[in-house]
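In: The following block contains a protein sequence and its predicted model.
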Amino acid sequence: MPGGRLTQQERQRIALGLADGLAYAEIARGLDRPTSTITREVMRNGGPAAYRADLAHRATEQRARRRRPSAPRGPGTSPQAHGRDAEAVREYEETFTTVLVQSGTPKMMAQVLACLITSDTGSLTASELVQRLQVSPASISKAITFLESQDLIRRERDERRRERYVVDNDVWYQSMMASARGTAQLAETARQGVGVLGSDTPAANRLENIARFLDFVSESITRAADQARDVLHTKPETPSDSTA
């Protein structure tokens with residue numbers, strides 16, 4: 001299986017495969033590349049609908065020129081724990097960030113969230129985030145405020161009284177519940193418009209249909225999130241549990 005960076009010709013074949021509606025795994029087999037390589041390449045460069053081979057190739061070359069191979073981004077990146085490949089970890093964080101951005105999360109907020117999720121502790125201080133991401137403290141502060149508003153992270157104090165930002169196993173549950181609350185609020189606002197615009201009018205009927213749809217979606221999200229957490233959520237094993 002070939003290694004190294006993708007060539008421009010390979011990127012053109014990826015673009016053709018996407019245009020033909022092929023799955024990432026099928027494109028990867030045709031290039032004799034890992035599926036993860038194709039997934040990362042596409043998601044980092046606009047996603048399946050916006051991927052362009054020439055633009056992706058230029059962007060990769062620009063990233064390579066900006067990168068300083070001999071200088072790690074910060075003490076949190078080298079050496080890697082558990083014998084991990086530092087370059088593979090960095091690329092995965094970029095891929096995770098790109099997917100979050102494409103789902104609607106602002107880039108800086110996505111970078112901070114990806115950084116927290118991929119850290120073994122799931123907990124970092126502002127200074128640690130600044131060192132790992134090489135951004136200003138103000139950027140970190142703004143990102144933290146946004147992520148807190150979405151119930152994606154929480155703050156806590158460590159034994160040295162430093163403020164730490166924490167993401168845990170409930171992160172997606174909390175995110176889904178926040179989404180459900182926002183959807184329910186939008187449904188209620190739509191239903192208020194029915195009275196304002198007058199019942200049995202075209203606009204009021206449209207708003208009522210919107211409200212009913214959003215009510216159903218909000219209730220479904222809440223029910224599915226609760227069921228998923230009950231079935232799938234597992235707490236870390238404690239020493240007493242392992243002894244038992």
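Out: Cool, got the structure. Here the structure is a predicted model, which means the values were calculated and not measured. Residues are numbered from 1 along each chain as shown.
In: Please name the residues that touch the residue nearest the centre of the chain.
Out: Geometric centre of the chain, nearest residue: residue 100, 3.0 Å, by Cα atoms, centre = their mean. Contact partners of residue 100, counting by Cβ atoms under 8 Å, 6 or more residues apart in numbering, are 109-110, 113-114. C-beta coordinates here come from the backbone N, C-alpha and C atoms, glycine included.
In: Can you give me the domain assignment for the chain?
Out: Domain segmentation of the chain under automatic domain parsing yields 9-66, 85-166, 171-232.
In: I'd like to know how far the residue lying farthest from the centre of the chain sits from residue 208.
Out: For the chain, the residue at maximal distance from the C-alpha centroid (Cα atoms, centre = their mean) is residue 200, at 42.6 Å. Residue 200 sits 10 Å away from residue 208, going by Cβ to Cβ, to the nearest Å.
In: quick one: average pLDDT of the lengthiest helix in the chain?
Out: Longest helix of the chain, by residue count under DSSP state H: helix 202-232. The average pLDDT within helix 202-232 is 92.
In: again, but for stretch 159-168
Out: 86.
In: CA atoms only for that stretch, dumped as CSV, please.
Out: Written as CSV, here are the backbone C-alpha positions of stretch 159-168 (Å, rounded to 0.1, in the frame of the first residue of the first chain):
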residue,chain,number,x,y,z
GLU,A,159,-5.9,21.4,43.2
ARG,A,160,-3.8,24.4,42.3
ARG,A,161,-7.0,26.6,41.9
ARG,A,162,-6.4,26.8,38.2
GLU,A,163,-9.5,27.0,36.0
ARG,A,164,-9.8,23.9,33.7
TYR,A,165,-12.1,23.3,30.8
VAL,A,166,-13.6,19.8,30.8
VAL,A,167,-15.3,17.6,28.2
ASP,A,168,-16.6,14.2,29.3
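In: neighbours around the closest residue in space to residue 225 that isn't next to it in sequence, how many?
Out: Among residues not flanking residue 225 along the chain, residue 176 sits closest, at 4.1 Å (Cβ to Cβ, 6 or more residues apart in numbering). Using other Cβ atoms under 10 Å, residue 176 has 18 other residues around it.
In: where does residue 33 land in three-state SS?
Out: Under DSSP: H, G, I helix; E, B strand; the rest coil, residue 33 falls in the coil class.
In: could you pull out the strands for this protein?
Out: Here the chain has its strands, by DSSP state E, at 123-125, 154-157, 163-166.
In: Only the buried residues of the shortest one, if you could.
Out: To tie it back to what came earlier, the one meant is strand 123-125. Neighbour counts over strand 123-125 (16 or more other Cβ atoms under 10 Å) mark 123-124 as buried.
In: quick one: that strand to chain centroid distance?
Out: Distance of strand 123-125 from the chain centroid (Cα atoms, centre = their mean, to the nearest Å) equals 18 Å.
In: can you tell me how far residue 167 sits from residue 134?
Out: Residue 167 is 20 Å from residue 134, by Cβ to Cβ.
In: wait, residue 188
Out: 43 Å.
In: from the chain's centre, how far out does the longest helix of the chain sit?
Out: The answer for helix 202-232 is 23 Å, by Cα atoms, centre = their mean.
In: Buried residues, that helix. List them.
Out: 204, 207-208, 210-211, 214-215, 217-218, 221-222, 225, 229.
In: and what of stretch 121-138?
Out: Neighbour-count burial for stretch 121-138 [16+ other Cβ under 10 Å]: 122-124, 126, 128-133.
In: Understood, closing this out.
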